[in-house]
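> got a sequence here, can you build the structure:
(one chain, ligands or ions: 1)
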Amino acid sequence: MSEVFDVVVIGAGAAGVGAGRRLAKAGASFLLLEARDRIGGRAWTIGGAWPVDLGCGWLHSGDVNVMTAIAEALGLHVNRTPAPWQRQSEEHEIKAAEQARFRESFSAFEARIEALAEKNPPVAASAYLEPGNPSNALIDAVFGFISGASLDQIDARDYARYQDTGVNWRVSEGYGALFAKIAAPLPVRMATRVRSVRAGVGGVVRVESDRGVIEARSVIVTAPTSTLARIDFEPRLGDKIEAAAALPMGAAEKLYFALAQPEEFLVDSHLFPRADNPVMGSYHMRPMGRPLIEAFFGGDLARGLAEAGTDAMTDYAREELAGLLGSNFPSRLTFIAASGWARDADALGSYSYAKPGFADMRAVLAEPRPPLFFSGEACSRARYSTAHGAFETGQDAAEQALAFLGYSEPSPRA
Ligand SMILES: Cc1cc2nc3c(=O)[nH]c(=O)nc-3n(C[C@H](O)[C@H](O)[C@H](O)COP(=O)(O)OP(=O)(O)OC[C@H]3O[C@@H](n4cnc5c(N)ncnc54)[C@H](O)[C@@H]3O)c2cc1C
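Residues are numbered from 1 along each chain as shown. Just a heads-up that it's a prediction; the model follows:
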């Protein structure tokens with residue numbers, strides 16, 4: 001007779017790895033099933049002369065981020081150089097006074113949302129912009145990067161609930177590499193796509209994959225909101241599917257160039273192409289001192305470029321950089337790699353945002369339905385859209401499954 005696992009975890013991204021780590025510590029019998037042929041999901045470091053992250057790269061809230069200590073305990077290096085996003089190098093296109101006004105306007109905008117969003121009826125975050133403020137375009141651009149969507153698409157309360165200390169660090173070897181390292185001792189069956197989950201007789205759940213049936217006493221689901229409805233659940237999970245639809249995936253994409261003359265730029269410097277239009281890339285020069293540019297696109301621009309393909313994304317970035325740094329500049333760039341999350345069938349975007357009026361859907365999505373438990377970045381109330389938030393939801397789901405299975409005391413995270 002085949003084994004009945006205590007827990008089957010669907011997905012080996014940050015949430016699945018978080019769940020697996022907790023289950024291993026408890027001594028539970030479990031298996032992670034992963035549709036892709038690699039671990040990490042939206043956490044993905046690719047090698048080469050320098051490791052680059054096509055998905056998550058920043059340890060947001062690095063000073064309190066659970067992944068910081070785990071990375072260091074595993075022998076990886078945490079780079080604590082501050083993030084350069086809010087600084088424009090050498091006043092290119094955006095003068096110092098305009099940058100100062102932007103920073104002030106952004107803080108005031110965030111303060112209004114934090115003070116009022118929970119008290120007022122639910123509205124889109126754009127309702128909290130100060131009408132006529134010349135920094136509004138740049139604020140909207142930044143939200144395209146943060147949320148993968150524009151201010152009129154996202155719920156203000158959801159944003160108010162997001163917690164961040166403003167400290168952003170990086171894993172020198174790559175954030176994706178960290179998740180792969182944590183997962184190395186865990187039992188993962190790769191290239192195994194789960195098609196259906198059926199609660200059966202005798203408390204056994206049948207998990208049907210394209211590589212056979214696996215049985216378990218409980219299941220942790222980590223699929224992103226964009227693909228959850230593809231799994232056929234019996235009994236049906238109508239409210240979860242509705243919650244996932246109210247928490248769609250935004251779009252964010254990355255592109256890396258190698259620099260022929262890196263000394264032209266300061267280490268960890270940054271350029272926005274303009275301040276008067278939210279449709280633009282963000283360019284991080286010499287990240288961690290490496291001779292690279294990391295380009296970042298958000299929102300509709302990111303989705304359009306990903307759908308148009310890598311050449312279109314590369315051409316767009318070269319053109320914006322030529323506008324900033326001169327028409328000869330692109331000849332000094334060599335393409336290294338680009339993401340395509342919006343066209344990746346197992347992601348269909350970057351991270352979840354809540355549509356206006358639907359911030360509470362994160363709790364609906366996360367609610368346990370024993371023997372089924374739910375995790376993934378979209379389930380986090382305060383750390384959604386992040387890798388550490390996803391990891392924590394995986395650990396929480398593992399705690400819930402262990403309690404359901406009768407394992408003793410919960411343990412602190414990590
Ligand atoms: C461009 C970009 C930049 C980002 N930057 C940052 C950052 O700087 N810092 C940060 O903290 N976060 C960042 N993020 C977000 C972060 O990467 C995600 O929030 C996090 O990795 C999500 O983890 P997850 O486990 O919830 O989902 P996923 O990583 O999507 O994992 C889910 C896994 O489940 C698998 N799966 C789904 N359905 C099935 C099925 N039916 N059967 C089997 N397997 C299945 C998928 O293949 C996937 O591997 C970024 C993301 C992107 C795209």
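> in this protein, where is pLDDT below threshold?
By pLDDT under 70, the weakly predicted segments of the chain are 1, 86, 409-414.
> can you pull out the helices in it?
14-26, 66-73, 96-116, 136-147, 156-161, 175-183, 238-246, 299-308, 310-325, 361-366, 387-405 (DSSP state H).
> and these as JSON lines, adding mean neighbour count and distance to the ligand?
For glycine as for every other residue, the C-beta is placed from the backbone atoms N, C-alpha and C. JSON lines is the format used below for those (neighbours: other CB atoms under 10 Å; distance: least, CB to the nearest ligand atom, whole Å):
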{"stretch": "helix 14-26", "mean neighbour count": "27", "distance to the ligand": "3"}
{"stretch": "helix 66-73", "mean neighbour count": "18", "distance to the ligand": "8"}
{"stretch": "helix 96-116", "mean neighbour count": "15", "distance to the ligand": "19"}
{"stretch": "helix 136-147", "mean neighbour count": "23", "distance to the ligand": "9"}
{"stretch": "helix 156-161", "mean neighbour count": "23", "distance to the ligand": "15"}
{"stretch": "helix 175-183", "mean neighbour count": "24", "distance to the ligand": "7"}
{"stretch": "helix 238-246", "mean neighbour count": "18", "distance to the ligand": "12"}
{"stretch": "helix 299-308", "mean neighbour count": "21", "distance to the ligand": "8"}
{"stretch": "helix 310-325", "mean neighbour count": "17", "distance to the ligand": "12"}
{"stretch": "helix 361-366", "mean neighbour count": "21", "distance to the ligand": "11"}
{"stretch": "helix 387-405", "mean neighbour count": "26", "distance to the ligand": "3"}
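> among these, which is nearest residue 376?
Closest to residue 376 of these, according to CB to CB: helix 14-26, at 4.6 Å.
> please save the CA atoms from that closest one in CSV.
Backbone C-alpha positions of helix 14-26 (Å, rounded to 0.1, in the frame of the first residue of the first chain) are rendered in CSV as follows:
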residue,chain,number,x,y,z
ALA,A,14,8.6,30.8,-0.7
ALA,A,15,5.4,29.7,1.1
GLY,A,16,5.9,26.0,0.3
VAL,A,17,9.5,26.2,1.5
GLY,A,18,8.3,27.9,4.7
ALA,A,19,5.7,25.2,5.2
GLY,A,20,8.2,22.4,4.5
ARG,A,21,10.8,23.8,6.9
ARG,A,22,8.3,23.9,9.7
LEU,A,23,6.9,20.4,8.9
ALA,A,24,10.5,19.0,8.8
LYS,A,25,11.2,20.5,12.3
ALA,A,26,8.0,18.8,13.7
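> elements contacting that helix?
Packing partners of helix 14-26 (3 or more CB pairs under 8 Å, 6 or more residues apart in numbering; DSSP states H and E): strand 4-10, strand 30-33, helix 175-183, helix 387-405.
> and that helix, how far out from the chain middle?
18 Å (CA atoms, centre = their mean, to the nearest Å).
> report the angle between it and helix 66-73.
Computed by axes from the mean of the first three to the mean of the last three CA atoms, to 10 degrees, the angle separating helix 14-26 from helix 66-73 equals 60 degrees.
> surely residue 35 and residue 346 touch.
Yes - here residue 35 reaches residue 346: they are 5.6 Å apart, a contact under CB atoms under 8 Å.
> can you pull the contacts of residue 23?
6, 7, 9, 30, 398, 401, 402 (CB atoms under 8 Å, 6 or more residues apart in numbering).
> if you set the cut-off to 7 Å instead, what comes out?
7, 30, 398 (CB atoms under 7 Å, 6 or more residues apart in numbering).
> how close does it get to residue 252?
30 Å (CB to CB, to the nearest Å).
> what of residue 259?
22 Å.
> I'm done for today, thanks for sticking with me.
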